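Undergrad: curious how this folds, go ahead:
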Amino acid sequence: MTHKLYSFFKKQKKIIFLTILAIVALAIFIFLPIVLSGHYLFEQNTDFIKSLSTTTPQKIVFVPSYIKTPDVVKGIYMTSWTASNKELRDNLVKMIDDTELNTVVIDIKDYSGKIVFPIEDNPTLKAYGSEEVRVVDLQDFIESLHKKGIYVVGRIAVFQDAYFVKLRPDLAVKNASSTEVWKDHKGISWIDAGSRDYWDYIIMLAKESRKVGFDEINFDYIRYPSDGNMQDISFPQSSTTPKAVTLKNFFSYLHDNLKADANSSGLKISADLFGMTTTATGDMGIGQVLENALPYFDYVDPMVYPSHYPATFMGFDQPEAHPYDVVYYSMQSAVQRAEKMNPISTTVEVINGATTTIAHTEDLNYKSKLRPWLQDFGLKMDYGPDEVKAQIKATNDDELSSWILWSASNKYTKGALEAEQ
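TA: Next comes the predicted model:
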């Protein structure tokens, strides 16, 4: 049997060899493209992986979670230095949590002229060199406040700007007797309020601050200087224009560039005014007139600190000792002046052939824009719960509900505040 098989394979050797060769060729024909294709795909994937390792990571775009202005604003002020210290700022945030407070005002730029947060997406603003990062995590801090429902206002000290004066001395307030930069009693230099180049800088800063997450931008020191040698002072940029007109033009410029800008949609703006603007008939030499500010800002914040009123105001030897009377009288005057500005229109109604003229106030209430700064500090006397409460009561008695407390040291009288409802 074995011999027969051997003989058979010997005779058919050629046929068997050709059959095996055909099978191998068929296998190569079928499987080689698959193998090569897999190798090609592997190379493609390898190249893709390599490209990932050399490509710059995509930057995550931050979108702030703005919150609506509270119907009643009750706030406190926080310096950039306090905001940069987690323990200090957390203590103030806890006080907001525990009391009726719902708003915090944080410095964006103080009298030094330094911008306190990182400028990341605006090379033009960054090129000015005014960046001094004091609050590294300001963006995250604001987000944490928003999560608690806290309204966040950014404060810009406008025409007090020591840094910009050094950068552009041609725009500065000068001595009248020389070309030297004028300084006030505190040694602070000022930008001439008529400097249009500087207006554009402030607009740019406000827009960049909005991107960080601020719900409102508050403009302070929007005036001409008052404390210094006023006999030796000149204003190269605005000497031919009345101060009140210059500031009104500035207010209008802020409004047109911030409120009408689509990128700033929803942004609220506010103005800090001298307390006596509510009772003074002129501009007091600093250019501020209440009626010139009200049309251009969402809120106007007179600084009605009793300690800052002159002796004999309202017949008081020491106005600071009369917090209720000073605030009530000052804000009552502001309310009366604001109400006179409310536009009145008339309509004619025909009933049974008879005509009746109806006067009504349009939906524009300047009184609702008033939001005073109240003092939580003492100069010639100590201020405690009674004095702070008296100012709040005076505000409420003038049928105003919003207010913000000022303390340069950021130490506030919790006993003057109601517990959180």
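Undergrad: show me what counts as buried in stretch 397-417.
TA: Of the residues in stretch 397-417, 398, 400, 402-407, 410, 412-413, 416-417 count as buried by neighbour count, 16 or more other C-beta atoms under 10 Å. Backbone N, C-alpha and C define where each C-beta goes, glycine included.
Undergrad: just stretch 124-138 next, same as before
TA: L125, Y128, S130, E131, R134, V135, L138.
Undergrad: cool, stretch 286-294 as well?
TA: Buried, per 16+ other C-beta under 10 Å, within stretch 286-294: I286, G287, Q288, V289, L290, N292, A293, L294.
Undergrad: repeat that for stretch 387-395.
TA: Buried-residue list, stretch 387-395, by 16+ other C-beta under 10 Å: E387, V388, K389, A390, Q391, I392, A394, T395.
Undergrad: what's whichever helix or strand the fifth one is part of packed up against?
TA: So the one you mean is Q391. Using DSSP states H and E, Q391 maps to helix 385-397. For helix 385-397, the elements it packs on are helix 323-341, strand 373-375, strand 403-406, judged by 3 or more C-beta pairs under 8 Å, 6 or more residues apart in numbering; DSSP states H and E.
Undergrad: so which of these is nearest D184?
TA: With C-beta to C-beta, the closest approach to D184 among those belongs to strand 403-406: 19.5 Å.
Undergrad: let me see the contact set for D184.
TA: W190, P225, D227, G228 (C-beta atoms under 8 Å, 6 or more residues apart in numbering).
Undergrad: go again using 10 Å as the cut-off
TA: Y111, Q160, V173, W190, P225, S226, D227, G228, N229, M230, I233 (C-beta atoms under 10 Å, 6 or more residues apart in numbering).
Undergrad: closest one to K380 out of those residues, please.
TA: Nearest to K380 among these, with distances taken as C-beta to C-beta, is D227, at 17.5 Å.
Undergrad: show me the helices in this structure, by range?
TA: 2-11, 13-54, 80-83, 86-98, 123-126, 138-147, 162-167, 196-212, 243-258, 290-293, 323-341, 385-397 (DSSP state H).
Undergrad: can I get the third one in CSV, CA atoms only?
TA: Coordinates of each C-alpha in helix 80-83 appear next as CSV, following Å, rounded to 0.1, in the frame of the first residue of the first chain:
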residue,chain,number,x,y,z
SER,A,80,-7.2,95.4,44.8
TRP,A,81,-4.8,94.6,47.6
THR,A,82,-7.6,93.1,49.6
ALA,A,83,-8.8,91.2,46.6
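Undergrad: what separates it from the chain centre, distance-wise?
TA: Centre-to-centre, helix 80-83 and its host chain are 15 Å apart (C-alpha atoms, centre = their mean, to the nearest Å).
Undergrad: for that helix, packing partners?
TA: Here helix 80-83 touches helix 86-98, strand 103-109, helix 138-147, going by 3 or more C-beta pairs under 10 Å, 6 or more residues apart in numbering; DSSP states H and E.
Undergrad: picking up where we left off before, buried subset of the contacts of D184 as a ChimeraX selection?
TA: Selection of the buried residues among these in ChimeraX, burial being defined by 16+ other C-beta under 10 Å:
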select :111,160,173,190,225,228,233
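Undergrad: closest to T79 out of the contacts of D184?
TA: Using C-beta to C-beta, Y111 comes nearest to T79 of these, at 11.4 Å.
Undergrad: now for the residue nearest to the closest one when sequence neighbours are not counted: which residues touch it?
TA: Excluding its sequence neighbours, the residue lying closest to Y111 (C-beta to C-beta, 6 or more residues apart in numbering) is Q160, at 4.2 Å. Q160 is in contact with 109-113, 184, 186, 188-191, 220-223, 225, counting by C-beta under 10 Å, 6+ apart.
Undergrad: still on that earlier bit, can I get the buried residues of stretch 286-294 in TSV with distance to G266?
TA: Below are the buried residues of stretch 286-294 laid out as TSV (distance: C-beta to C-beta, whole Å):
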residue	distance to G266
I286	31
G287	29
Q288	27
V289	28
L290	26
N292	25
A293	21
L294	21
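Undergrad: can you add pLDDT and distance to E320 and give those residues back as TSV?
TA: Converted to TSV, these look like this (pLDDT from 0 to 100; distance: C-beta to C-beta, whole Å):
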residue	pLDDT	distance to E320
I286	98	21
G287	98	26
Q288	98	22
V289	98	25
L290	98	23
N292	97	28
A293	98	25
L294	97	27
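Undergrad: return the closest of these with respect to N249.
TA: N292 (9.5 Å).
Undergrad: so how far is D232 from the closest one?
TA: Here N292 is placed at a distance of 28 Å from D232 (C-beta to C-beta, to the nearest Å).
Undergrad: just L417 next, same as before
TA: Applying C-beta to C-beta to L417 and D232 gives a distance of 45 Å.
Undergrad: kindly report the same for E339.
TA: 41 Å.
Undergrad: looks like A334 contacts L370 (just checking).
TA: Yes: when contacts are counted by C-beta atoms under 10 Å, A334 is listed as touching L370 (5.4 Å).
Undergrad: common neighbours of those two, please.
TA: T278, L290, L294, V300, P302, D398, L400.
Undergrad: among these, which lie within strands?
TA: Counting by DSSP state E, the shared contacts of A334 and L370 place V300, P302 in strands.
Undergrad: let me have the shared contacts of A334 and L370 in CSV, adding distance to Q375 as columns.
TA: Formatted as CSV, those follow (distance: C-beta to C-beta, whole Å):
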residue, distance to Q375
T278, 15
L290, 20
L294, 23
V300, 18
P302, 12
D398, 17
L400, 16
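Undergrad: ok, the shared contacts of A334 and L370 vs I203, which is closest?
TA: Nearest member of these to I203, counting by C-beta to C-beta, is V300, at 19.3 Å.
Undergrad: so what sits opposite the closest one in the bridge?
TA: Judged by DSSP bridges, the bridge partners of V300 are A271, L370.
Undergrad: wait, it touches D272, no?
TA: Yes: counting by C-beta under 10 Å, V300 does reach D272; the two are 8.4 Å apart.
Undergrad: hmm, back to that, which among the buried residues of stretch 124-138 gets closest to M78?
TA: V135 (10.0 Å).
Undergrad: which residues touch the closest one?
TA: Residues near V135 by C-beta under 10 Å, 6+ apart: 78, 80-85, 89, 106-108, 116-118, 141-142, 212.
Undergrad: of those, select the buried ones using a ChimeraX command.
TA: Applying 16+ other C-beta under 10 Å to the contacts of V135, the buried members can be selected in ChimeraX as follows:
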select :78,80,82,83,84,89,106,107,108,116,117,141,142,212
